[in-house]
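J.: predicted model and sequence follow; I will ask about them next.
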Amino acid sequence: MRIFPHTPSNSIIVHSAFLIIMTIMPYIISHVQVPIIRTCAHPMTHFSTTPPKPTADKYRFQTHCSGHRQDRKMEAVDAVELRSQFLQVLRSRRSSDAAFPILIGPISALLPLSVEPAKPVAEPLYQEIPRPRFSAAMESCPRANITDLKDRLHEENLYLTTEAGEQGRLPVLILSLTEDNPGKRPAVVFLHSTNKCKEWLRPLLEAYASRGYIAVAIDSRYHGERASSLTTYRDSLVSSWKKGDTMPFIFDTAWDLVKLADYLTQREDIDPDRIAITGESLGGMHAWFGAFADTRYSVVVPIIGVQGFRWAIDNDKWQARVDSIKAVFEEARIDLGKSAIDKEVVEKVWDRIAPGLASSFDSPYTIPIISPRPLLILNGAEDPRCPLAGLDTPMLRASKAYIEANCSHNLKLIAEAGIGHQMTSVMVKEASDWIDRFLKK
């Protein structure tokens, strides 16, 4: 992968599709401001599931390559087929006691999508000690200069039913700016990192809402309102290894994101063609796989989440990622009779708790399929959990896909120099600019 300086101080490394194949493309930073919210439960109780209708060999995407819609035939890896395979994997571990028929469809199962009003969470559960209190990076997110912003914010708390069972109750927090004639607005879905929750993302929700977005956050599986103790997420990973009946690492939340798209695209205040998805760390992986699974997410910004799982195994760079959820690997080591965690243990765990993560659904295959939708990948250049070298192949393949779609400027990788596994203010600003660029009219 070729690396180019972005600023005179060389504080950021920029990598885009056009840069890989051809030469340096000028990087233009644009700043656009956006709006915020207050409190009120959503009145609606039911939505029907209406997945998009793909043709046999092509999807229609909203792009900004030339300011109009265009069709793009899938090449190399068949996007429709790979996405269908992934959705079949997701369906394979839905609750066995499902109260509704699950039919194989192009995007989402035909489970009635019920919506239940909820109350604000007074004491959010964080599965880490000490409890996090402040994020300078999130607080730095650009916001509109509105003096009475708190009074003008509209807050919604609700639950979506994404499948039967306790974990099929998806908690959602939505902030928007109260306006007299709002019309249909763009939306942004935010996804939190490991051990945190949707309430942690409030500074980002408020900043985007202040600038005119419908800002949405959810609790991922076994987090926030879907957790009951400080070890709920850790225990779920170990249980997945033991029983093989759930996929708490990435995939189960990817299922929720498909169902969330069903809901968001049917809201009267959201433009269904302008829904962005972004997240930090685990949330960055959720954003990546949510966008891979569902083309209704039209702008994609994973932050410190995209990596090469197979590359890490083959190049002995798996340790930092494993350490972030070590309990499940230790349990597997014992069960496999190993004296230490090695690459065999790592590969078996991934195959068990997230089938295909280090093979068919790894980044070299799923990142290119996001084309031609705008995709900005934000990583730290020194991040041991998402080694930059592991993105060489995914970016080369993605670059080819975007260039063939005449949308090379819709793909960019920014690796901030000197930064490890950390979301920074620079990343927050870059994400904000990217989303504004493609979603603001």
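T.: Looks like it arrived, so ask away. Numbering: from 1, shown residues only.
J.: from here on, just use CA atoms for contacts and neighbour counts.
T.: Will do.
J.: poorly predicted segments of this structure, please.
T.: The model of the chain has pLDDT under 70 over residues 1-77, 96-111.
J.: give me that answer again for 80
T.: Applying pLDDT under 80 to the chain picks out residues 1-77, 95-112, 180-182, 441.
J.: nearest residue to the middle of it?
T.: Centrality entry for the chain: nearest residue to the mean C-alpha point is residue 287, 1.0 Å, by C-alpha atoms, centre = their mean.
J.: verify the stated contact: residue 328 with residue 234.
T.: Yes: counting by C-alpha atoms under 8 Å, residue 328 does reach residue 234; the two are 7.4 Å apart.
J.: more neighbours, the two?
T.: The residue with more neighbours, out of residue 328 and residue 234, is residue 328; 22 against 17, by other C-alpha atoms under 10 Å.
J.: list the contacts for that one?
T.: Residues near residue 328 by C-alpha atoms under 8 Å, 6 or more residues apart in numbering: 234, 237, 238, 241, 349.
J.: I'd guessed the residue nearest to the centre of the chain sits against residue 300; true?
T.: Yes: at 7.0 Å, residue 287 counts as touching residue 300 under the criterion of C-alpha under 8 Å.
J.: shared neighbours, the two?
T.: Counting by C-alpha under 8 Å, 6+ apart, the shared contacts of residue 287 and residue 300 are 277, 278.
J.: tell me which helix or strand the residue nearest to the centre of the chain sits in.
T.: helix 282-293 (DSSP states H and E).
J.: just the CA coordinates of the helix or strand that comes right after that helix, formatted as PDB?
T.: Proceeding N to C from helix 282-293, the next assigned helix or strand is strand 299-303, under DSSP H and E. Extracted as PDB, the C-alpha positions of strand 299-303 are listed here (Å, rounded to 0.1, in the frame of the first residue of the first chain):
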ATOM      1  CA  VAL A 299     -22.700   6.300   3.300                       C
ATOM      2  CA  VAL A 300     -20.300   4.200   5.400                       C
ATOM      3  CA  VAL A 301     -17.600   5.400   7.900                       C
ATOM      4  CA  PRO A 302     -16.100   2.700  10.100                       C
ATOM      5  CA  ILE A 303     -13.700   4.100  12.700                       C
END
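J.: partner strands of strand 299-303, parallel or antiparallel?
T.: If you go by DSSP bridges, strand 299-303 pairs up with strand 270-280 (parallel), strand 375-380 (parallel).
J.: which ones are touching the residue lying closest to residue 250 once chain neighbours are set aside?
T.: Leaving aside its chain neighbours, residue 250 sits nearest to residue 286 (5.8 Å; criterion: C-alpha to C-alpha, 6 or more residues apart in numbering). Residue 286 makes contact with 191, 250, 251, 253, 254, 279, according to C-alpha under 8 Å, 6+ apart.
J.: any idea how far residue 323 is from residue 286?
T.: According to C-alpha to C-alpha, to the nearest Å, residue 286 stands 19 Å off from residue 323.
J.: so how far is residue 387 from residue 113?
T.: Relative to residue 387, residue 113 is positioned 38 Å away (C-alpha to C-alpha).
J.: just residue 424 next, same as before
T.: Distance from residue 424 to residue 387, by C-alpha to C-alpha: 17 Å.
J.: comparing these two, which residue is more hemmed in?
T.: Neighbour comparison, residue 424 and residue 387: the larger count goes to residue 387, with 26 against 22 (by other C-alpha under 10 Å).
J.: number of residues surrounding the closest residue to that one other than its chain neighbours?
T.: Spatial nearest neighbour of residue 387, chain neighbours left out: residue 307 (6.7 Å); criterion: C-alpha to C-alpha, 6+ apart. The burial count assigned to residue 307 is 23, neighbours taken as other C-alpha under 10 Å.
J.: do residue 407 as well
T.: By other C-alpha under 10 Å, the residues close to residue 407 number 21.
J.: phi and psi next, for residue 345.
T.: When read as degrees, to the nearest 10, the backbone of residue 345 gives phi -60, psi -50.
J.: residue 290 reaches residue 257, doesn't it?
T.: Yes: contact criterion C-alpha under 8 Å: residue 290 and residue 257 qualify, at 5.8 Å.
J.: would you say residue 196 is within a helix?
T.: No: counting by DSSP: H, G, I helix; E, B strand; the rest coil, residue 196 is not found in a helix; it is coil.
J.: give me the nearest residue to it, chain neighbours excluded.
T.: residue 126 (5.1 Å).
J.: for the one you found, list the residues it contacts.
T.: Neighbour list for residue 126: 132, 195, 196, 197, 223, 224, 230 [criterion: C-alpha under 8 Å, 6+ apart].
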